[in-house]
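K.L.:
Pasting a predicted model and its sequence here:
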Amino acid sequence: MTEWKFTNKEFAQTEEKFLSGHRACAGCGPAIALRLVMKAARGPIIATNSTGCMEVVSTIYPYTAWKIPWIHTAFETAAANAAGIESALKILRKKGRIPDEQVDVVAFSGDGGTFDIGFQGLSGAVERGHDFLYVLYDNEAYMNTGIQRSGGTPHGAWTTTSPAGSVVPGKAEFKKPLADIMVAHNMPYVATASISHWKDMVIKARKGMEVNGPAFLHAFAPCPRGWRSATEKSVEIARLAVETCVFPLWEAEYGKYTLSAPSKTIALKPEKKKPVDVYLKTQGRFRHLFKPENKHVLEEIQNEINRRWQKLLKDCEMN
């Protein structure tokens, strides 16, 4: 892969493919993520989008926010749909039915459609080696259907199906390490990205489009409504997730991990790593954790973050 330098001027001059006028909530992190990924397009591109927040808000009939060919597919089939599109393009090129040019295929799906009900299709498409970029916009719950917990919901978080009670204070389980699971598929490219670091996300999306084979981009994208956070704070909260190592930034090429610049800085200067409570206090879904009786949950969260961070440093050979 060539190292693509994306400047601020290029960003401003690049044509918008995910347009304004959609009906996402104020401060919607996934809407920012989709716009950034579309800025990385290198030519003709087709997107498929599973049922979810971004599908609903961007294509309420008869309107659309997409300036490219776009297909709505079922909740669990974004990867399978992308695999079918990529295969069809190969056959049409071979038969001379379409020009012999590169057409990028991108699949978009939320955490529910990726961590949970769409994982089987994603794993299968990657195992078969289809050439497409899969973008997980992670707002950490099934937001479109009423803020239910998913495999991507963090430990201790309130959702409508993991309520904060006196016995069980929020979600009992920890977030599934999905990006690491995708690395285990031995695929060409896997990366994490955050809307707080826009250039990093755009460059990683381009890398994912350029590789020959499947690529996976895990995009961290706060949801003010589900997270009970201020609408104007989404980017700030996403930045805190990186700075506390709740969501470190890295990429892996055929299993070889490399820390991205913001997280590499923390690795080299550990004093810059912020405590997790700085991040948790920005969101109402964690408010109950700051009661005296739930102090142990905060400690569990911090310990797990520290453990996963040390594992990542070891994977990157930086510990």
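P.N.:
Sure, I can see it.

K.L.:
Do you have the strands of the stretch 151-300 of the chain handy? List them.
P.N.:
Per DSSP state E, counting those that start in this stretch, the stretch 151-300 of the chain carries strands over the ranges 189-194, 215-220, 250-253, 256-259.

K.L.:
Tabulate those (CSV), appending mean pLDDT.
P.N.:
Output for the strands of the stretch 151-300 of the chain, formatted as CSV (pLDDT from 0 to 100):
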stretch, mean pLDDT
strand 189-194, 98
strand 215-220, 98
strand 250-253, 98
strand 256-259, 98
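
K.L.:
Adding distance to His288 and mean neighbour count, write those out as a markdown table.
P.N.:
Glycine gets a C-beta too; all of them are placed from N, C-alpha and C. Below are the strands of the stretch 151-300 of the chain laid out as a markdown table (distance: least, C-beta to C-beta, whole Å; neighbours: other C-beta atoms under 10 Å):
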| stretch | distance to His288 | mean neighbour count |
| --- | --- | --- |
| strand 189-194 | 25 | 28 |
| strand 215-220 | 23 | 27 |
| strand 250-253 | 31 | 21 |
| strand 256-259 | 33 | 16 |
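
K.L.:
out of the ones you listed, which comes closest to Gly112?
P.N.:
Closest to Gly112 of the strands of the stretch 151-300 of the chain, according to C-beta to C-beta: strand 215-220, at 14.3 Å.

K.L.:
what residues does the closest one touch?
P.N.:
For strand 215-220, the external contacting residues (C-beta atoms under 8 Å, 6 or more residues apart in numbering) are 29-30, 33, 37, 126, 132-138, 178-179, 182, 187-196, 201, 204-205, 207-209, 238, 241-242, 247.

K.L.:
ok and it relative to strand 189-194, angle-wise?
P.N.:
Put simply, strand 215-220 runs at 20 degrees to strand 189-194, going by axes from the mean of the first three to the mean of the last three C-alpha atoms, to 10 degrees.

K.L.:
Listing partners with orientation, what would you give for strand 215-220?
P.N.:
strand 133-138 (parallel), strand 189-194 (parallel) (DSSP bridges).

K.L.:
Is it possible to get those strands out as TSV so that each row also shows distance to Gln13?
P.N.:
Output for the strands paired with strand 215-220, formatted as TSV (distance: least, C-beta to C-beta, whole Å):
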stretch	distance to Gln13
strand 133-138	22
strand 189-194	22
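
K.L.:
Between these, which one is closest to Glu293.
P.N.:
Nearest to Glu293 among the strands paired with strand 215-220 is strand 133-138 (29.6 Å), distances taken as C-beta to C-beta.

K.L.:
what distance separates that closest one from the middle of the whole chain?
P.N.:
Here strand 133-138 is found 5 Å from its chain centre; the criterion is C-alpha atoms, centre = their mean, to the nearest Å.

K.L.:
same question, stretch 307-319
P.N.:
Distance, centroid of stretch 307-319 to centroid of chain: 21 Å (C-alpha atoms, centre = their mean).

K.L.:
what's the angle between the helix or strand encompassing Asn81 and strand 133-138?
P.N.:
Asn81 belongs to helix 78-94 when assigned by DSSP states H and E. Angle of helix 78-94 versus strand 133-138, following the same axes, to 10 degrees, is 160 degrees.

K.L.:
That's all I had, so thanks and see you.
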